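Asker: next input, structure requested:
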Amino acid sequence: MRQNFSDEPSATSSISPMRSSTAWVRASRCERLAATRSGALAGERTPLLEFDGKLRADEVLQRKLRSLPNVTIITSAQTTEVLGDGQKVTGLVYKDRVGGDSHRLELEGIFVQIGLLPNTEWLKGTLELSPRGEIVVDERGQTSLPGVFAAGDCTTVPYKQIVIAVGEGAKASLAAFDHLIRTSAPAASIPAEEVGA
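Answerer: So this is what the prediction gives:
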């Protein structure tokens, strides 16, 4: 079973095998593929494949990654195929974007991880954005534009995790509801019989 990620057939004659049960792979601008199993914790080599020519994570995270003795960083790697036996993933083929050579990794699993660049270009000039392009929000999810709320990884809330995004979404929706109730409720009026008409 093969999943092809390019329009070109793989050039199997130039594939060089590399055995590992763990790999992190950047498959495109916004996706990372990662394959793992418990053997990685026992010290097996773990290649990290980055689509770009350099890593873009925070420098402190890059230093930590480079300090791990069982990690090999491979940049300019374009994933072209995920291989499997019909039951599980068995490997991955990537193309060196600089030299054009194809390489094969033997793996045992794949996980998708989304990149950390927020897709907020379309909001420039409308909402306040951080230097990293994140939507600036307060503790209630309110943006710089009254009545507009935001939540999730595209905001300035730290720790880009699903469970945090879900909680922030719930909080922002409650804050938006509160905003609508307070701004759309009619002004208090005194009934005519109470005024003494």
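Asker: got the contact list for stretch 174-189?
Answerer: 140-142, 146-147, 149 (CB atoms under 8 Å, 6 or more residues apart in numbering). Where you see a C-beta, it was placed from the backbone N, CA and C, and this is true even at glycine.
Asker: show me which of those is closest to residue 123.
Answerer: residue 149 (13.1 Å; CB to CB).
Asker: any idea how this structure splits into domains?
Answerer: 2-114, 121-184 (automatic domain parsing).
Asker: can you give me the strands in this structure?
Answerer: 2-4, 16-19, 23-26, 31-35, 46-49, 71-74, 77-84, 89-96, 102-106, 111-114 (DSSP state E).
Asker: quick check: mean pLDDT of the last one?
Answerer: Translated: strand 111-114. The average pLDDT for strand 111-114 rounds to 56.
Asker: now the nearest residue to residue 72 once chain neighbours are set aside: how far from residue 95?
Answerer: Spatially, and ignoring its direct neighbours in sequence, residue 72 is nearest to residue 47 (4.6 Å; CB to CB, 6 or more residues apart in numbering). Relative to residue 95, residue 47 is positioned 15 Å away (CB to CB, to the nearest Å).
Asker: these two touch, right, residue 150 and residue 143?
Answerer: Yes - here residue 150 reaches residue 143: they are 5.4 Å apart, a contact under CB atoms under 8 Å.
Asker: compare the domains of the chain and say which comes out lowest on pLDDT.
Answerer: domain 2-114 (a mean of 68).
Asker: quick revisit: burial count for the residue nearest to residue 72?
Answerer: 22 (other CB atoms under 10 Å).
Asker: just checking, it touches residue 106?
Answerer: No - contact criterion CB under 8 Å: residue 47 and residue 106 do not qualify, at 10.9 Å.
Asker: in stretch 146-160, what's buried?
Answerer: 148-155, 157, 160 (16 or more other CB atoms under 10 Å).
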